[in-house]
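*Asks:* Fold the following, please.
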Amino acid sequence: MKSSDLLKLPRNLRESFKDLDVSDSLERYENWLARREQTNNEEYDHTETVREYYDLFTELMQFGWNESLHFAPIATDETLEEAIVRHQRQLIKKLELRKGMKAIDVGCGLGGPLRRVAKESGAKVLGINNNEQQLQKAKKKTAEEGLEHLVEYRNCNFMDMSCFEPDSFDAAYAIESTCYAPDKELAFKEIFRVLKPGALFWGQEMCLTNVFDSDDEKHCAIRDEIKFTLALNDIFSFDRVNTALETVGFEIIEASDQEVKNDSSVPWYQPMEGLTSSLRSWLRVPGGRSTLAGGVRLAETVGMFPKDSWRVIELLDRQADAYVAGGQSGIFTPLYCFLARKPELV
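*Replies:* The predicted structure is shown next:
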């Protein structure tokens, strides 16, 4: 991030929020759990809640984190950005992606991983996403990088991929996306259906670890704060993710928490706690987050930022605190990664 990016933030937020009443959207988001509890399952649509979540937070998450909106295992000698690139290259290797293959990115976000996958593997990649704001940003960046010959985007809910024929893709991956599924088994079933027999599926899930104790009030409070701030309908354990995969027919090749704790690594949540080496990394830590919120709140009084932008930043600050609490307590990880295969036809 350059200092000029900070100067562009007011304009970028106005563009992102142009179709939103930010105050109303915040009120709806802050009450999503209550709305879910007050209505029956037929009336409450969690997919809509997730869409609202990304409408509010995408621009600020990209600004403070990376155009690849996901976590990665971090070595002591690398930045978060370098760790994310290394993690994406590991995905390419695991899926054995190469020129001539067609892969699907399930819940592609801003397309950061997708563009690296296409550029470095030569495979054609289709990204699906049901958030139009993110799709437009992804398409713009793809055009700027000259990757339109390898990359395609489709507005599609991964809970219903009926627009694709069965056995359409050579590989699939889902990076911190199916954790938002209102029905994870159904999401995996759809991915299974569109993959060719023998195709590989790589996923990265946000999970409760085996440390989590449902009888521990502190553990439950941290879990509930993570669910609320991240718009997660539920947080699965490792075993529940594996069971969902196997129930729909996948064969699990490997699955583990990629959070490796040793002398050559730092905790996954460290960038939000105290790892600073640049302006962007400073904006991720508590002091930087609170300074940004305060500065934006002051700038709102003279019309520089859309009304209530500072409240969006404060909610992201609360989210970061929830992540750190989950990591420090050992009950939560965003790095449960698996490689699974759709069996060959018999």
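
*Asks:* what's the burial count for the closest residue to residue 17 other than its chain neighbours?
*Replies:* Beyond its immediate neighbours in the sequence, the residue positioned closest to residue 17 (C-beta to C-beta, 6 or more residues apart in numbering) is residue 306, lying 4.7 Å away. Every residue, glycine included, has its C-beta placed from N, CA and C. Using other C-beta atoms under 10 Å, residue 306 has 21 other residues around it.

*Asks:* Which helix or which strand is home to residue 306?
*Replies:* Assigned by DSSP states H and E, residue 306 falls within no helix or strand.

*Asks:* Now do the phi/psi pair for it.
*Replies:* phi -60, psi 150 (degrees, to the nearest 10).

*Asks:* Distance of it relative to residue 52?
*Replies:* From residue 306 across to residue 52, the span is 16 Å (C-beta to C-beta, to the nearest Å).

*Asks:* okay, stretch 241-254 in CSV with CA atoms only?
*Replies:* The C-alpha trace of stretch 241-254 is given here as CSV (Å, rounded to 0.1, in the frame of the first residue of the first chain):
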residue,chain,number,x,y,z
VAL,A,241,-16.4,-30.8,7.6
ASN,A,242,-15.0,-34.2,6.8
THR,A,243,-18.3,-35.9,7.4
ALA,A,244,-20.0,-33.4,5.0
LEU,A,245,-17.5,-34.1,2.3
GLU,A,246,-17.8,-37.9,2.6
THR,A,247,-21.6,-37.8,2.8
VAL,A,248,-21.8,-36.3,-0.7
GLY,A,249,-19.3,-38.8,-2.1
PHE,A,250,-15.9,-37.2,-1.9
GLU,A,251,-12.8,-39.2,-1.0
ILE,A,252,-10.6,-37.2,1.4
ILE,A,253,-7.0,-37.4,0.4
GLU,A,254,-5.6,-35.2,3.2
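
*Asks:* Could I get the buried residue list for it?
*Replies:* For stretch 241-254, the neighbour count (16 or more other C-beta atoms under 10 Å) marks 241, 242, 244, 245, 248, 250 as buried.

*Asks:* dump the residue contacts of the second one.
*Replies:* What it means is residue 242. By C-beta atoms under 8 Å, 6 or more residues apart in numbering, residue 242 lies in contact with 252, 255, 338.

*Asks:* Let's see that with 6 Å instead.
*Replies:* Contact partners of residue 242, counting by C-beta atoms under 6 Å, 6 or more residues apart in numbering, are residue 252.

*Asks:* confidence score at the residue lying closest to residue 189 once chain neighbours are set aside?
*Replies:* Nearest residue to residue 189, sequence neighbours excluded (C-beta to C-beta, 6+ apart): residue 248, at 4.3 Å. Per-residue pLDDT puts residue 248 at 97.

*Asks:* What does residue 248 show for phi and psi?
*Replies:* phi -90, psi 0.

*Asks:* where's residue 23 relative to residue 311, distance?
*Replies:* Distance of residue 23 to residue 311, computed by C-beta to C-beta: 8 Å.

*Asks:* More neighbours: the two, which one.
*Replies:* Under the criterion of other C-beta under 10 Å, the comparison of residue 23 against residue 311 puts residue 311 first, with 19 against 12.

*Asks:* Would you mind naming the residues that bridge with residue 152?
*Replies:* residue 126 (DSSP bridges).

*Asks:* Next one: it, what pLDDT does it get?
*Replies:* On the pLDDT scale, residue 152 is placed at 97.

*Asks:* quick one, strands of the stretch 51-200 of the chain?
*Replies:* Ranges of strands within the stretch 51-200 of the chain are 74-75, 102-106, 124-129, 151-155, 169-175, 195-208, based on DSSP state E, counting those that start in this stretch.

*Asks:* in its sheet, what does the shortest one sit against?
*Replies:* To tie it back to what came earlier, the one meant is strand 74-75. Strand pairing for strand 74-75, using DSSP bridges, gives strand 265-266 (antiparallel).

*Asks:* The longest one now?
*Replies:* Strand partners for strand 195-208, identified by DSSP bridges, are recorded as strand 169-175 (parallel), strand 236-237 (parallel), strand 332-341 (antiparallel).

*Asks:* for this structure, where's the lowest mean pLDDT among helices and strands?
*Replies:* Lowest mean confidence among the helices and strands of the chain (mean pLDDT, DSSP states H and E): helix 279-284, at a mean of 78.

*Asks:* Mind naming the longest helix for the protein?
*Replies:* Determined from DSSP state H, the single longest helix within the chain is helix 309-329.

*Asks:* Give the other helices and strands that that one contacts.
*Replies:* Counting contacts by 3 or more C-beta pairs under 6 Å, 6 or more residues apart in numbering; DSSP states H and E, helix 309-329 is packed against helix 217-230, helix 286-300.

*Asks:* Which one of the ones you listed lies nearest to residue 155?
*Replies:* Among the helices and strands packed on helix 309-329, the nearest to residue 155 by C-beta to C-beta is helix 217-230 (22.5 Å).
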